[in-house]
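Enquirer: Below are the sequence and a predicted model; questions follow.
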Number of protein chains: 2
Amino acid sequence: MSFRPILLAGSPIAGGRTPAVCAPLVGRTTAVLRDEARRVAALRPDMLEWRVDFFEAAEDRAALLEAAREVQAAAAGLPILFTRRSAREGGQPMTVSEAGMVERVEAVCASGLVQLVDWEIEGDAEGLQRVRGAAQRHGLPLLLSFHDFQRTPPAEVLRAKFQRAASLGADIAKIAVMPSSMEDVHTLLGATLEASRSLAIPVVSMAMGPLGAASRICGGVFGCALTFAVGAAASAPGQLPIADVRAALAMLERAGRAG
Amino acid sequence: MSFRPILLAGSPIAGGRTPAVCAPLVGRTTAVLRDEARRVAALRPDMLEWRVDFFEAAEDRAALLEAAREVQAAAAGLPILFTRRSAREGGQPMTVSEAGMVERVEAVCASGLVQLVDWEIEGDAEGLQRVRGAAQRHGLPLLLSFHDFQRTPPAEVLRAKFQRAASLGADIAKIAVMPSSMEDVHTLLGATLEASRSLAIPVVSMAMGPLGAASRICGGVFGCALTFAVGAAASAPGQLPIADVRAALAMLERAGRAG
């Protein structure tokens, strides 16, 4: 089976293999981030996600852009997904206002220092519109995301979230949920498979925590275009080391070819 | 999560880890089987499955029992699942009649040379009754199985097959299907999870072929108690090497503990 890969400037990342592997950066200071980016890039994920909500100096626009420059320089050519995860959806609390954050996303998009941008579908309509506009103006794929760290909504809600991301103009749709049973993990994989068939964009999903580990390995065969794996430090519960994920994906790929 | 492990003389195999790993033996002659058993046992699966339908001299009862002795001697203490897969369900054609096969299963059960026995739920009632009787008399767990090498029946049919195995007196219920899409693999995993909750016996399942590879790795977290992996030669399409399966299971186990 082959699912829709994430495109960057029209070319599929990770040579079109799905899922591609994305490693988070969660440094709190520029110095730590630079080191982290260098170390994680050396593990050769396909993408880095800079979780800017972990960054302490985000109030300071100049410091933020300087950090973006440092991350890019250390990323050794890997594409960078710029993500502000809201506290409401499992991110770190920030002092920057919502409007201030939108401005910062616009500035970072304009800087050319990142290659993709994440925004949450549950955010206010104006912010979303401005982020989408900035992504479009600067040619960055927009990943629209939904997270539930408490539960796994039923299949019809997951379907609606994927569709909502697409209808809001996402280039990539992402859902992360917390399972309380393997039935929840099964529901997430089913919704992912369905969305990967019905939507015209790549879809990304994961069931978090220990119960969801299989979704991070086998999600790809159910249509997931990107799996998050740990380089230096996890950004969400249940992320596995990059090397482990790579090994398992390579095995599944061999198995899928051979049979 | 923890699912029901396969019990042998009241003790869980593989230390209770699910899925346990079973490697098939498909040698056609006693000499080949002995070598195969020795080589495969050295790879330390948790169980060997002797697929007697591959064995050329099965007509000759004495030769069959001699082969069973050789396999046991070479198995280095690993439990042996004795399986006659019918041609109807994907096995090798045999000259032995159905009644003759039942007699041979009775003799092998009585020999003490194997530790578990497989029989197909779709076989005739009398044969099934006799095999069940032999398994009970000699204290061997009976695995009742259903295979479809052409397709994946819908969820309600899979549910009925699992239930039928249980109601026919299985100690372990097994279903193997051929998927034609990832939706089929998803259906199989869902039916497995459901049966693992609703039945009082361990359940085993796999989606065969390249599409089903993920079920052989991740089936365990969806309630599958046993996964089949290749030692020397595969007995069904899609089986992965023992070392690959072990590595992936170990990773999932770490992930399941850590989160």
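Expert: Nice, thanks for sending it over.

Enquirer: Stretch A:154-161 near chain B anywhere?
Expert: No: counting by CB under 8 Å from any CB of the partner chain, chain B has no neighbours in stretch A:154-161; the shortest distance is 11.4 Å. C-beta coordinates here come from the backbone N, C-alpha and C atoms, glycine included.

Enquirer: Can you list the buried residues in that stretch?
Expert: A:157-159, A:161 (16 or more other CB atoms under 10 Å in any protein chain shown).

Enquirer: What are the contacting residues of that stretch?
Expert: Stretch A:154-161 is contacted from outside by A:121, A:146, A:152-153, A:173, A:175, A:177, A:187-188, A:190-191, A:194-195, using CB atoms under 8 Å, 6 or more residues apart in numbering or on different chains.

Enquirer: where exactly do the helices run in the stretch 101-250 of chain A?
Expert: All helices of the stretch 101-250 of chain A, identified by DSSP state H, counting those that start in this stretch, fall at A:125-137, A:155-167, A:182-198, A:213-218, A:242-258.

Enquirer: got the ones you listed as TSV, with mean pLDDT columns?
Expert: Output for the helices of the stretch 101-250 of chain A, formatted as TSV (pLDDT from 0 to 100):
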stretch	mean pLDDT
helix A:125-137	98
helix A:155-167	98
helix A:182-198	98
helix A:213-218	95
helix A:242-258	88
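
Enquirer: so which of those helices gets nearest residue A:23?
Expert: Residue A:23 lies closest to helix A:242-258 among these, at 5.9 Å (CB to CB).

Enquirer: Check which helices and strands the closest one sits against.
Expert: strand A:20-25, helix A:213-218, strand A:226-230, helix B:213-218, strand B:240-241, helix B:242-258 (3 or more CB pairs under 8 Å, 6 or more residues apart in numbering or on different chains; DSSP states H and E).

Enquirer: Please repeat the previous calculation with a cut-off of 7 Å.
Expert: strand A:20-25, helix A:213-218, strand A:226-230, helix B:213-218, helix B:242-258 (3 or more CB pairs under 7 Å, 6 or more residues apart in numbering or on different chains; DSSP states H and E).

Enquirer: got the buried residues for that helix?
Expert: Buried, per 16+ other CB under 10 Å, within helix A:242-258: A:242, A:244-249, A:251-252, A:255-256.

Enquirer: ok, of those residues, which one's closest to chain B?
Expert: residue A:255 (3.5 Å; CB to the nearest CB).

Enquirer: dump the residue contacts of that closest one.
Expert: By CB atoms under 7 Å, 6 or more residues apart in numbering or on different chains, the residues touching residue A:255 are B:210, B:213, B:238, B:240.

Enquirer: The closest residue to the second one other than its chain neighbours and residue B:218: what is the separation?
Expert: Spelled out, it's residue B:213. Among residues not flanking residue B:213 along the chain, residue A:255 sits closest, at 3.5 Å (CB to CB, 6 or more residues apart in numbering or on different chains). For residue A:255, the distance to residue B:218 equals 12 Å [CB to CB, to the nearest Å].

Enquirer: Tell me the residues on chain A that lie near chain B, please.
Expert: A:1, A:182-183, A:186, A:189-190, A:193, A:209-211, A:213-214, A:217-218, A:221-222, A:237-238, A:240, A:244, A:247-248, A:251-252, A:255-259 (CB under 7 Å from any CB of the partner chain).

Enquirer: repeat that for 6 Å
Expert: A:1, A:182, A:186, A:190, A:193, A:209-210, A:213-214, A:218, A:221-222, A:237-238, A:240, A:244, A:248, A:251-252, A:255-256, A:259 (CB under 6 Å from any CB of the partner chain).
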